[in-house]
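*Asks:* give me the fold of what follows.
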Amino acid sequence: MPEVVITPDEVRSDEIIALLDAHLMLMRSLSPPESVHTLDLEGLRGPDITFWRADIAEQLVGCGALKELDGTAGEIKSMHTSAAHRGKGIAAALLRHVMATARERGYRNLFLETGSQPGFEAARMLYRRHGFTECAPFADYVEDPHSFFMSIRL
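*Replies:* Residues are numbered from 1 along each chain as shown. A predicted model of the protein is given here:
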């Protein structure tokens, strides 16, 4: 597989916005509206967010973000791989990059929320393969039968 190049992004280009729209449509197709916890474009541009794009041969294939919860913890947000490129290791490359960044920042814990429905099983498996385990709701989240919370101690 060609190299996945991961670079910071300002969440302003049409192609990133289109990818995030596809991400939101997928989330809404799998979860009820009150259980879709995606950030809007302004939220992804916030000072507490670092957003990355993943490219192969200069083609956008995925994205991911890291939200600082406090000086010791972060949350993975907006992890998405374009439909045409799933199963090629792009999400794993993004996840390793986010985890490495969290470690460099000195975070002790990294959290995420994903869906509990069958359509999210591949995501849950990816996170488990990288050491994440189920946890209680964190930050401002509450118990939700459609949410699955995970964390890892870094």
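
*Asks:* report the rounded mean pLDDT for the helix ranked longest in the chain.
*Replies:* Longest helix in the chain, counting residues (DSSP state H): helix 14-30. The average pLDDT within helix 14-30 is 94.

*Asks:* how far does it sit from its chain's centre?
*Replies:* In terms of Cα atoms, centre = their mean, to the nearest Å, the centre of helix 14-30 is set 13 Å apart from its chain centre.

*Asks:* also stretch 64-84?
*Replies:* Chain-centre distance of stretch 64-84: 4 Å, with Cα atoms, centre = their mean.

*Asks:* CA atoms only: put that stretch into PDB for me.
*Replies:* Output of stretch 64-84 as PDB, limited to C-alpha atoms (Å, rounded to 0.1, in the frame of the first residue of the first chain):
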ATOM      1  CA  GLY A  64      -9.200  12.400  12.700                       C
ATOM      2  CA  ALA A  65      -8.900  14.900  15.500                       C
ATOM      3  CA  LEU A  66      -7.700  15.100  19.100                       C
ATOM      4  CA  LYS A  67      -9.600  17.200  21.600                       C
ATOM      5  CA  GLU A  68      -7.800  18.300  24.800                       C
ATOM      6  CA  LEU A  69     -10.000  17.600  27.800                       C
ATOM      7  CA  ASP A  70      -7.600  18.900  30.300                       C
ATOM      8  CA  GLY A  71      -3.800  18.900  30.700                       C
ATOM      9  CA  THR A  72      -3.700  15.200  31.300                       C
ATOM     10  CA  ALA A  73      -6.300  13.700  28.900                       C
ATOM     11  CA  GLY A  74      -7.600  13.900  25.400                       C
ATOM     12  CA  GLU A  75     -10.500  12.600  23.300                       C
ATOM     13  CA  ILE A  76     -10.400  11.200  19.800                       C
ATOM     14  CA  LYS A  77     -12.900  12.900  17.500                       C
ATOM     15  CA  SER A  78     -14.100  12.700  13.900                       C
ATOM     16  CA  MET A  79     -12.100   9.600  12.900                       C
ATOM     17  CA  HIS A  80     -13.300   8.800   9.400                       C
ATOM     18  CA  THR A  81     -12.000   6.900   6.400                       C
ATOM     19  CA  SER A  82     -13.600   7.500   3.000                       C
ATOM     20  CA  ALA A  83     -15.700   4.500   1.900                       C
ATOM     21  CA  ALA A  84     -13.500   3.700  -1.100                       C
END
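
*Asks:* sounds good, over and out.
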